[in-house]
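Peer 1: no sequence on this one, just coordinates:
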């Protein structure tokens, strides 16, 4: 562990402590992509930073780019999916209760 400060106004000891505590400095640094799949990007950010497949039984996926991560759209989308899932679960429980009563 080096204690590289990456230009931040912190001491090397603080940087070392952060590295040992969080172990995340290398993940925070942007890096170019050199894989064949992304060779057309030529060092730019990929268009799809995050790809989510909401339904495991489907091949449909939803993608979010750097701007959508930055402006919070991804988190809004995730919150909406959580509400939908809770509503679906509640409806399923009600349906089971009705079935048990009859």
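Peer 2: Cool, the structure landed. Since the model is a prediction, treat every value here as computed from it, not as a measurement. Numbers count the residues shown, from 1 in each chain.
Peer 1: in this protein, which spans are helices?
Peer 2: Using DSSP state H, the helices of the chain run over residues 12-22, 25-28, 66-70, 73-101.
Peer 1: Could you dump those helices into CSV with distance to residue 49 and mean neighbour count added?
Peer 2: C-beta coordinates here come from the backbone N, C-alpha and C atoms, glycine included. Converted to CSV, the helices of the chain look like this (distance: least, Cβ to Cβ, whole Å; neighbours: other Cβ atoms under 10 Å):
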stretch, distance to residue 49, mean neighbour count
helix 12-22, 21, 13
helix 25-28, 13, 10
helix 66-70, 5, 13
helix 73-101, 9, 11
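Peer 1: now for the ones you listed, which one comes closest to residue 59?
Peer 2: In terms of Cβ to Cβ, the element of the helices of the chain nearest to residue 59 is helix 73-101, at 17.5 Å.
Peer 1: mean pLDDT lowest for which of the helices of the chain?
Peer 2: With a mean of 53, helix 25-28 has the lowest mean pLDDT of the helices of the chain.
Peer 1: Double-check residue 64 against residue 49; I have them as touching.
Peer 2: Yes. Using Cβ atoms under 8 Å, residue 64 is in contact with residue 49, at 6.0 Å.
Peer 1: Specify which residue of these two has the higher count of neighbours.
Peer 2: When residue 64 and residue 49 are compared for neighbours, residue 64 comes out ahead with 19 against 15, by other Cβ atoms under 10 Å.
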